[in-house]
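A.B. asks: can you look at this prediction? I've put the sequence above it.
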Amino acid sequence: MPLVSPQVEEHRHVLRLPSETSRFFRAGDDQQEDGTFGTRWAVLIAGSNGYWNYRHQADICHAYQLLKKGGLKDENIVVFMYDDIAYNEENPRQGVIINSPHGDDVYKGVPKDYTGEDVTVGNFFAAILGNKTAISGGSGKVVDSGPNDHIFIYYSDHGGPGVLGMPTSPYIYADRLIEVLKKKHAAGTYKSLVFYLEACESGSIFEGLLPEGLNIFATTASNAEESSWGTYCPGEYPSPPPEYETCLGDLYSVAWMEDSDIHNLRSETLHQQYELVKSRTASDNSPYGSHVMQYGDIPLSKNNLFVYMGTNPANDNYTFMPQNFLRPSSSKAVNQRDADLVHFWHKYRKAPEGSARKAQAQKEFLEAMSHRMHIDESVKLIGKLLFGIKKGPEVLSAVRPAGQPLVDDWDCLKTMVRSFETYCGSLSQYGMKHMRSLANICNAGMTKGQMAEASAQACVNVPSGRWSSLHRGFSA
């Protein structure tokens with residue numbers, strides 16, 4: 001009879017390489033070898049379409065490649081993307097998507113679970129909940145997780161206070177997303193869940209809404225009242241290859257992925273990555289950056305990234321060190337909301353004089369500008385009609401104290417959005433920036449009737465371009 005049990009014998013290694021020691025000095029059971037304590041699942045979603053939004057699908061494809069190299073199986077990765085970028089006529093490298101100036105193709109092999117009109121809020125929520133019967137179209141793949149499993153959700157797109165964009169209607173509203181996460185927790189079908197969120201005002205999705213105790217750790221690209229930033233944009237540094245007329249990535253997103261790409265994720269915690277990404281995304285507090293935030297169960301951040309993302313065996317000797325900062329953060333970035341204008345402008349600038357391409361780019365630029373002016377002026381005027389010339393701007397721009405949700409009555413907010421869009425046309429990706437104003441109209445006690453009347457007075461004319469069109473339906 002052996003004096004030492006097989007389990008103990010297994011750990012009697014005399015000498016270990018530094019990269020391997022972390023397998024024996026662990027923060028807890030969650031970080032045992034693959035498969036011992038449950039399965040890793042991931043949901044990756046790009047919430048936009050259109051070539052000017054290239055970067056969002058590039059982010060999602062890059063995340064897929066990272067997880068795949070980390071050892072996750074396709075059956076456990078659910079991908080939502082419109083899939084109109086790789087073979088878009090504007091794409092200079094047909095069938096290829098890159099996420100950095102010298103980056104490899106990140107499109108190859110990405111599962112097409114939900115593409116085109118199947119990228120919907122309903123399918124996204126059903127996939128998280130593992131509810132196959134609620135899925136419409138697509139591959140039918142869902143997060144069929146169990147109580148010992150770990151889930152990683154990553155979203156990249158435009159957003160606004162309390163809202164995240166989608167390429168279809170309606171958009172994702174914070175109250176419903178939190179409801180879904182609570183429901184997933186109540187079902188007991190995960191051990192811990194990590195949510196990385198890239199969008200403008202993304203902090204508002206969790207601020208005052210995501211409670212502790214759900215075993216969820218979330219980080220966001222920005223706080224509740226600021227934009228997030230596109231990066232690797234034309235005319236900025238570092239810029240994409242000259243043939244590209246669009247931003248290749250988003251600042252927060254490439255920060256976490258480029259960090260994960262090069263390290264042994266057994267030796268790096270969520271907290272360490274959060275601090276590194278926060279520093280890079282803030283860009284030394286320059287005007288070209290945002291404040292990365294964390295929400296939910298912060299103690300979960302002591303877990304190694306390996307728990308959620310696996311790790312690339314090629315990085316076994318690249319242990320995370322706090323000084324392992326990526327490129328200097330003094331590079332320039334582009335406000336997420338202006339990235340479409342950057343695309344149209346560079347397309348116009350580079351097109352041959354007198355060409356149809358130049359005329360088209362000019363038309364696209366002017367349409368986008370016209371839509372922006374229409375939305376901005378309409379919201380401003382509605383505020384004045386409801387609250388008076390002096391008080392209107394004050395009410396619309398008011399920001400609630402930190403820790404409070406954007407609005408008390410989310411149904412009211414959605415009603416105000418529909419009232420506005422009925423008379424003033426679609427808010428679209430740009431108009432999401434005004435969601436706080438519409439929330440404040442609710443918080444001030446205005447009724448649906450008052451909002452409808454003010455909207456009808458404010459919007460006598462609506463621009464005829466695609467941005468104002470309601471052909472996709474209301475965004476709420």
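C.D. replies: Cool, got the structure.
A.B. asks: and the closest residue to His271 other than its chain neighbours, what does it touch?
C.D. replies: Spatial nearest neighbour of His271, excluding adjacent residues (CB to CB, 6 or more residues apart in numbering): Ser301 at 3.9 Å. Every C-beta, even on glycine, is put in place using the N, C-alpha and C of the backbone. Listed by CB atoms under 8 Å, 6 or more residues apart in numbering, the contact set of Ser301 reads 217, 269-271, 274, 294.
A.B. asks: Ser301: what secondary structure?
C.D. replies: Ser301 carries the three-state label helix when classified by DSSP: H, G, I helix; E, B strand; the rest coil.
A.B. asks: how much space between it and Tyr295?
C.D. replies: Counting by CB to CB, to the nearest Å, the gap from Ser301 to Tyr295 is 11 Å.
A.B. asks: hey, what's the residue nearest to the spatial centre of the chain bridged with?
C.D. replies: Ranked by distance to the mean C-alpha position of the chain (CA atoms, centre = their mean), the top residue is Ser156 at 2.5 Å. Beta-bridge partners recorded for Ser156 (DSSP bridges): Ala46, Glu198.
A.B. asks: all strands of the chain, in order?
C.D. replies: All strands of the chain, identified by DSSP state E, fall at 40-46, 77-80, 150-156, 159-160, 163-164, 172-173, 192-198, 216-220, 229-231, 249-250, 293-296, 334-335.
A.B. asks: mind pulling up the pLDDT for Ala46?
C.D. replies: Ala46 carries a pLDDT value of 98.
A.B. asks: cool, Pro2 as well?
C.D. replies: Confidence score, pLDDT, at Pro2: 40.
A.B. asks: one step back: can you give me the pLDDT of the residue nearest to the centre of the chain?
C.D. replies: 98.
A.B. asks: which parts of stretch 211-230 are buried?
C.D. replies: 214-230 (16 or more other CB atoms under 10 Å).
A.B. asks: quick one on the thing from earlier: could you tell me which residues touch both of Ser301 and Tyr295?
C.D. replies: Phe217.
A.B. asks: on that earlier part again, quick one, which of the strands of the chain gets closest to Asn440.
C.D. replies: For Asn440, the closest of these is strand 159-160, at 13.1 Å, according to CB to CB.
A.B. asks: pLDDT of that closest one, averaged?
C.D. replies: 96.
A.B. asks: how far off centre is it?
C.D. replies: Centroid separation between strand 159-160 and its chain, computed with CA atoms, centre = their mean, to the nearest Å, is 10 Å.
A.B. asks: and that strand, which strands flank it?
C.D. replies: strand 163-164 (antiparallel).
A.B. asks: ok, residues contacting the partner strand?
C.D. replies: Against strand 163-164 from outside (CB under 8 Å, 6+ apart): 47, 155, 157-158, 171-174, 177, 197, 199, 202, 205, 432, 435, 475.
A.B. asks: closest to Gly235 among these?
C.D. replies: His158 (20.6 Å).
A.B. asks: was I right to think the closest one contacts Ser202?
C.D. replies: No: judged on CB atoms under 8 Å, His158 makes no contact with Ser202 at a distance of 10.2 Å.
A.B. asks: who's more crowded, those two?
C.D. replies: Comparing His158 with Ser202 by neighbour count (other CB atoms under 10 Å), the higher total belongs to Ser202, at 32 against 29.
A.B. asks: any idea how far the nearest residue to that one once chain neighbours are set aside is from Ile172?
C.D. replies: Distance criterion CB to CB, 6+ apart; nearest residue to Ser202, sequence neighbours excluded, is Thr220 at 3.8 Å. Noted for Thr220: a distance of 14 Å to Ile172, by CB to CB.
A.B. asks: what's the answer for Lys448, then?
C.D. replies: Distance of Lys448 to Ile172, given as CB to CB: 22 Å.
A.B. asks: compare those two and say which is more crowded by neighbours.
C.D. replies: The residue with more neighbours, out of Lys448 and Ile172, is Ile172; 23 against 13, by other CB under 10 Å.
A.B. asks: give me every residue that touches the more buried one.
C.D. replies: 47, 121, 124, 163-166.
A.B. asks: for the residues you listed, work out which two are farthest apart.
C.D. replies: Longest span within the contacts of Ile172, CB to CB: Phe124 and Val163, 13.9 Å.
A.B. asks: circling back to that earlier point, which residues touch the residue nearest to Ser202?
C.D. replies: By CB under 8 Å, 6+ apart, the contact list for Thr220 reads 197, 199, 202-203, 205-206, 252, 292-295.
A.B. asks: what about the longest helix in the protein?
C.D. replies: Ordering each helix of the chain by length in residues (DSSP state H) puts helix 356-387 first.
A.B. asks: okay, buried residues for that helix please.
C.D. replies: Neighbour counts over helix 356-387 (16+ other CB under 10 Å) mark 358, 361, 364-365, 367-368, 371-372, 374-375, 378-387 as buried.
A.B. asks: any buried residues in stretch 294-312, and which?
C.D. replies: Neighbour-count burial for stretch 294-312 flags 294-297, 300-301, 303-312 (criterion: 16+ other CB under 10 Å).
A.B. asks: then stretch 185-192?
C.D. replies: Neighbour counts over stretch 185-192 (16+ other CB under 10 Å) mark 185, 189-192 as buried.
A.B. asks: contacting residues around Phe124?
C.D. replies: Neighbours of Phe124 in contact, by CB under 8 Å, 6+ apart: 43, 45, 80, 114, 166, 172.
A.B. asks: and the gap between the second one and Phe474?
C.D. replies: Which is Ile45. Computed as CB to CB, the Ile45 to Phe474 distance reads 21 Å.
A.B. asks: that older thread, hey, least reliable of the strands of the chain by pLDDT?
C.D. replies: strand 334-335 (a mean of 82).
A.B. asks: which other helices and strands does that one contact?
C.D. replies: Strand 334-335 sits against strand 229-231, with contacts defined as 3 or more CB pairs under 8 Å, 6 or more residues apart in numbering; DSSP states H and E.
A.B. asks: and the strand it packs on, how far from the chain's centre?
C.D. replies: 12 Å.
A.B. asks: please name the strands paired to it in the sheet, noting orientation.
C.D. replies: strand 249-250 (antiparallel), strand 334-335 (antiparallel).
A.B. asks: low-confidence ranges in this protein?
C.D. replies: Confidence mapping of the chain against pLDDT under 70 gives the ranges 1-36, 284-285, 320-331.
A.B. asks: again, only using 90
C.D. replies: 1-37, 235-238, 283-289, 317-350, 361, 363-365, 368, 461-472 (pLDDT under 90).
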